[in-house]
Structure formats: C-alpha cells, structure tokens
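Peer 1: Starting from these lines, generate the structure:
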Amino acid sequence: MNQDELKTLVGQAALQYVVPGQIVGVGTGSTVNKFIDALASIKDQIKGAVSSSEASTIRLKALGIPVFDSNEVSELSVYIDGADEINALGHMVKGGGAALTREKIVAAQSKMFVCIADESKLVNVLGEFPLPVEVIPMASSRIMSQFVQMGGQAQIRMKDGAPLVTDNGQHIIDVKGLKIKDPVAFETQVSQWPGVVTVGVFAHQKAQVCLLGTSEGVKTLKF
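Peer 2: Here you go, the predicted model:
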C-alpha cells in the first residue's frame, strides 16, 4: 500500500471517534484532507467543525460542512489531526503545514486528540523532522541564535523567495539537529522565549489515540 492509500485508510478510521450531533475539531494537512473527505459522508450526523487553518476551512465548506469560530464553541469532544512525528507517549512534532498555532488552540479546547498518521511518523526521539516554531518576525534572529546555542540549525521558512506568512501573519523558523528527549520540558522552556508564538512540540496537548496506517492496516495506539 502506498502512502496515499494509508492516509485514506486512517482518515476513514477516524470517523469512529466523531461524536454524532456534535462539532468536531479538524486539523490541517494531507492526511487530514482524507479525513475531511470521509467526514463529508456523515456530515448530516454532525453539527459542523472547528477548523485549524484557512485551507481546511475552505475544504470543509466546499463539502457542505458548516465551520464554526473556535470562540463560539466552549469545548470539543474530539480533535482529529495529523503529525510530522509522534513518539511512544503520544508527544508530537507538528507544523509542517504552518498551522501549528491554530492546531494547538483547537487541541487545547478538545477533550480528546486523535492523531492520524502513517507508520513512518512514529519515532523513538522527536527532532528528526525539522521543528517548526511560529515567531513574531522582529524576534526571529534572536530566537534562531538561541536554537543554535542548543545545538540546532535554524532557518526561516521561505515561500516564493520571501518568508512564509502564516494565517496569523507571523513567520516560521524550522530547526534541524535537535534531539528532544524531554518534550514536556522542551515545550515549556521554548514557549517562554519572548517572540515565540507557538513551538511545534505538542506534549502538553498530546494525543490520546494514534491511528497509524501500516502495511497490515490501521493500528490503534493509546496513550
């Protein structure tokens, strides 16, 4: 089975965690797009969605799924999103799709985080995937130097020859060369640096369940 087929499988498997009659939290990315497509098949059974990115909002609305502002909803029963990396405790690295801040906001208002991913995303130690960090532009140089002091190599994510601008109007730094052995402590530390909007380590908002697409089918990991 190729990666695309694995993404379709886990996207469909995630439907079992959607609570009928409620609003579902929806993440961002290629795997989540498969979930959104699957969600359209049961759209009459849910109230709608809270989305973590403009891209997901457009896709949801195109399929006739109502999208609510996160401020209109007090709590979500479930948030379904992908990950760039996930470890054996359910800690993740996210932000490859540049939506990490909104993803963390929606995750924080959800009772359960269900991660959907293919087996290549399961790692022993986080950090092989370049860590995304959303930053206020005036702080980017200083924040990059702080990561260099940690042993990382940091660069501003570019798009069409200019710094990529997130849905929140900020920039993203990608950091290579880190071994994040204590994700909770790391997330706590970096989140306090002035100018950091969101660090792409999801340890405080970790997954409770991961639906992992494997060559043998969907494997369910619970944390």
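Peer 1: buried set for the lowest-mean-pLDDT helix or strand in the chain?
Peer 2: Ranked by mean pLDDT, DSSP states H and E, the weakest helix or strand in the chain is helix 3-13, scoring a mean of 94. Buried residues in helix 3-13, defined by neighbour count with 16 or more other C-beta atoms under 10 Å: Leu6, Lys7, Thr8, Leu9, Val10, Gly11, Gln12, Ala13. (C-beta placed from N, C-alpha, C; glycine too.)
Peer 1: can you list contacts of it?
Peer 2: Under the contact criterion C-beta atoms under 8 Å, 6 or more residues apart in numbering, helix 3-13 has outside partners 1, 30-38, 116-120, 211-214, 217-218.
Peer 1: domain assignment for this protein?
Peer 2: Under the assignment named as automatic domain parsing, the residue ranges that make up the domains of the chain are 3-123+204-222, 131-198.
Peer 1: any idea how far Thr57 lies from Ala13?
Peer 2: Remark: distance between Thr57 and Ala13 (C-beta to C-beta, to the nearest Å) = 23 Å.
Peer 1: hey, what's the closest residue to Ala49 other than its chain neighbours bridged with?
Peer 2: Spatial nearest neighbour of Ala49, chain neighbours left out: Val26 (4.6 Å); criterion: C-beta to C-beta, 6 or more residues apart in numbering. With DSSP bridges applied, Val26 shows beta-bridge pairing to Ser51, Ile80.
Peer 1: Report pLDDT for Val26.
Peer 2: Model confidence at Val26, expressed as pLDDT, equals 98.
Peer 1: for Met1, same thing?
Peer 2: Among the per-residue scores, Met1 holds a pLDDT of 84.
Peer 1: thinking again about what came up before, which residues does the residue nearest to Ala49 contact?
Peer 2: Residues counted as contacts of Val26 (C-beta under 8 Å, 6+ apart) are 32, 35-36, 39, 49-52, 56, 60, 79-81, 106.
Peer 1: Could you list the low-confidence segments of this protein?
Peer 2: Across the chain, nothing is flagged by pLDDT under 70.
Peer 1: The most far-flung residue of the chain relative to its centre and Val175, how far apart?
Peer 2: Going by C-alpha atoms, centre = their mean, the residue of the chain most distant from its centre is Gln149, 26.4 Å out. When distances are taken as C-beta to C-beta, Gln149 and Val175 turn out to be 12 Å apart.
Peer 1: Next: Ala98.
Peer 2: Applying C-beta to C-beta to Ala98 and Val175 gives a distance of 15 Å.
Peer 1: repeat for Asn124
Peer 2: Relative to Val175, and taking C-beta to C-beta, Asn124 is found at 19 Å.
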